[in-house]
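I would like the atomic coordinates for the input below:
(one chain, ligands or ions: 2)
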Amino acid sequence: MNDKRKDYITWDEYFMAVAKLAGMRSKDPNSQVGACIVSADNKILSMGYNGFPMGCSDDEFPWGRDDEDPLKTKYVYVTHSELNAILNYRGGSLEGAKLYVSLFPCNECAKAIIQAGIKTVIYDSDKYDGTPAVMASKMMFQAAGVQFKKYTPTDRKIEITV
Ligand SMILES: Nc1ccn([C@H]2C[C@H](O)[C@@H](COP(=O)(O)O)O2)c(=O)n1
Ligand SMILES: [Zn+2]
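Ligands and ions are numbered 1, 2, ... in the order given. Below you'll find the model as predicted:
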């Protein structure tokens, strides 16, 4: 019995699972998004999920999607998972880092990702593909030399009992 285990998870499975675990903290009833920032040598640097800013109560601010008054929707208040992951980082530079995220970044997060120096985005869902926000992200990533690639699902079930 000197051989190592063979069925350990890959780096991609590990980081995407960590991103999705972070997303499970989200209070958003419709989309729970998680992000995990990783160094070029595979160290986890930061994580985030979509939620309201500090001091903005999850129970008082609205979670709805549609209202003729935009102030009564979540969109004007929620901080996206990717931005939270960038802002949660306390260690200095994210230059050359990779971002794992469960949903393709919007244009506002794309700006922050580029400006933070993140060079690779690995995403799972692209359910808003074709919307102006995602089209703008893709254009900016291409112009700025940020590589984005779809996570290849392995169908591995990762179960954790807590
Ligand atoms: N890449 C993204 C895209 C969206 N989000 C957040 C923003 C909202 O909380 C939610 C999207 O809501 P929906 O329009 O699907 O009801 O996801 C994010 O964190 N990162
Ligand atoms: Zn965003």
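
what residues of stretch 125-134 count as buried?
By 16 or more other CB atoms under 10 Å, the buried positions in stretch 125-134 come out as residue 134. For every residue, glycine as well, the C-beta is placed using N, CA and C.

which bits of the protein sit near ligand 1?
28, 30-31, 33, 50, 65, 74, 78, 80-82, 103-106, 109 (CB under 6 Å from any ligand atom).

ok, now with 5 Å
Contact residues, the chain versus ligand 1 (CB under 5 Å from any ligand atom): 28, 30, 31, 33, 50, 65, 78, 80, 81, 103, 105.

I figured the first one was touching residue 78, is that so?
If I follow you right, that is residue 28. Yes: look at residue 28 against residue 78 with CB atoms under 8 Å: they come within range, at 7.0 Å.

the two: who's more crowded?
residue 78 (23 against 18; other CB atoms under 10 Å).

which residues touch the more buried one?
Taking CB atoms under 8 Å, 6 or more residues apart in numbering as the criterion, residue 78 is in contact with 28, 50, 51, 52.
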